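Participant: predicted model and sequence follow; I will ask about them next.
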Amino acid sequence: MTDEDTPAAGSRAARARAVLGDAARRARELDRSEGLRAAVQRVRRALPGDAHFGDPLSLGGAKHAEFVGRAVVDLTGDRPGVTREVSLGGLQLWQAVLERFGGGAGEREVALVFTDLVEFSRWALQAGDDEVQRVLREVSEAWEKPVTDRAGTVVKRLGDGMMAAFADPVEALEAVFAARTRLADVHADGWTPRMRAGLHLGRPRRVGGDYLGVAVNTAARLGDRAGPGEILVSGELLARLDEASLRVRRKRWHTRLKGTPEDLQIFSVDRPS
């Protein structure tokens, strides 16, 4: 009889398994702690970089922090947890360092545009799949033609939104004006489609057919903050426009948009009345 076959050895193995099982249970409970996860999220909001890092917008690339971030999200799935937040927080810092020292900057200036539909999700819950698909097709036709007509590129479709890129900031804004006008011809039962848009000029990093970096985050956050029918632009993009031909209003908020430069200036622009 070997030592492993003795009753004492079997008892020790059972105790070891019990200890490991208890440790694993405690680790799972810790990872699922809402209080601790909320605390980590508060720390992330105070850290440099984009506190939203981990959403689809921030993980579209194939290198550096985006690649690892996508792996973290794949491993954790849709499960919120402390481990996920801590991992993404570290990658958030990594991305911020890359951007600060030029590792995330591209060589060319690009005018970036984000548009989406106001209150689309609420309407879509009641409208039914067929009606939703019909409206989205008409919206795409309304938005995308002005982009291509002005030498822009539709980078990607984002459900009820779109990301586009232009070499010329003036053409970018004109495309948004035209898209908003064309959207007025799209009709939906029980809902009036209205768009909002955000535009920023920067040097995003090109990865395949996509763009990544702080410049992209900035344009996207501007689009998120815009009101129904409103077009928000950064100070960098406004500087390339003819302000005399526009109605311009400075926007001020008590807190800056997360994941955007600290000195970002934001303006609401429109055609003169």
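Facilitator: Structure's in. What do you need?
Participant: could I get the buried residue list for the stretch of helix or strand Arg122 belongs to?
Facilitator: Assigned by DSSP states H and E, Arg122 belongs to helix 120-127. Buried residues in helix 120-127, defined by neighbour count with 16 or more other Cβ atoms under 10 Å: 120, 123-124, 127. For every residue, glycine as well, the C-beta is placed using N, CA and C.
Participant: go on, stretch 159-167?
Facilitator: Neighbour count says stretch 159-167 has 160-166 buried, by 16+ other Cβ under 10 Å.
Participant: and Ala215, how far is that from Val269?
Facilitator: 18 Å (Cβ to Cβ, to the nearest Å).
Participant: could you give me the average pLDDT of the helix holding Arg122?
Facilitator: When pLDDT is averaged over helix 120-127, the result is 91.
Participant: output that helix as PDB, nothing but the C-alphas.
Facilitator: Extracted in PDB, the C-alpha atoms of helix 120-127 (Å, rounded to 0.1, in the frame of the first residue of the first chain):
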ATOM      1  CA  PHE A 120     -34.700  54.900 -32.200                       C
ATOM      2  CA  SER A 121     -34.300  52.100 -29.800                       C
ATOM      3  CA  ARG A 122     -37.500  52.900 -27.900                       C
ATOM      4  CA  TRP A 123     -39.500  53.100 -31.100                       C
ATOM      5  CA  ALA A 124     -37.900  49.900 -32.500                       C
ATOM      6  CA  LEU A 125     -39.100  47.900 -29.500                       C
ATOM      7  CA  GLN A 126     -42.700  48.500 -30.600                       C
ATOM      8  CA  ALA A 127     -42.300  48.700 -34.400                       C
END
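Participant: the nearest residue to Arg180 once chain neighbours are set aside bridge partners, please.
Facilitator: Spatial nearest neighbour of Arg180, excluding adjacent residues (Cβ to Cβ, 6 or more residues apart in numbering): Met195 at 5.6 Å. As for beta bridges, Met195 partners with Leu117 under DSSP bridges.
Participant: quick one: pLDDT of Ala16?
Facilitator: For Ala16, pLDDT reads 68.
Participant: the one 4 residues further on now?
Facilitator: At Leu20 the predicted local confidence, pLDDT, stands at 65.
Participant: before we move on, what about the one 4 residues further on?
Facilitator: Reported pLDDT at Ala24 in the predicted model: 61.
Participant: and what of Glu107?
Facilitator: Taking Glu107 on its own, its pLDDT is 71.
Participant: please apply the same query to Phe101.
Facilitator: For Phe101, pLDDT reads 50.
Participant: just Asp224 next, same as before
Facilitator: Looking at Asp224, the pLDDT reads 94.
Participant: for it, which non-adjacent residue is closest in space?
Facilitator: Asp224's closest residue in space is Gly198 (Cβ to Cβ, 6+ apart), at 7.1 Å.
Participant: that neighbour should be in a strand, yeah?
Facilitator: Yes - the assignment for Gly198 by DSSP: H, G, I helix; E, B strand; the rest coil puts it in a strand.
Participant: what about it, neighbour count?
Facilitator: 27 (other Cβ atoms under 10 Å).
Participant: and what of the one 5 residues further on?
Facilitator: Summarising burial for Arg203: neighbours were counted as other Cβ under 10 Å, giving 17.
Participant: doesn't Ala165 make contact with it?
Facilitator: No - judged on Cβ atoms under 8 Å, Arg203 makes no contact with Ala165 at a distance of 11.9 Å.
Participant: give the residues shared as contacts by the two.
Facilitator: Val110 (Cβ atoms under 8 Å, 6 or more residues apart in numbering).
Participant: put the alpha carbons of the helix or strand hosting Phe114 into CSV.
Facilitator: Taking DSSP H and E as the criterion, Phe114 maps to strand 110-117. The C-alpha coordinates for strand 110-117 follow below in CSV (Å, rounded to 0.1, in the frame of the first residue of the first chain):
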residue,chain,number,x,y,z
VAL,A,110,-9.1,63.2,-40.9
ALA,A,111,-12.5,64.8,-40.3
LEU,A,112,-14.5,62.1,-38.4
VAL,A,113,-18.3,62.1,-38.3
PHE,A,114,-20.7,60.1,-36.1
THR,A,115,-24.4,60.2,-36.6
ASP,A,116,-27.3,58.3,-35.1
LEU,A,117,-31.1,58.4,-34.6
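Participant: thank you kindly, that will do.
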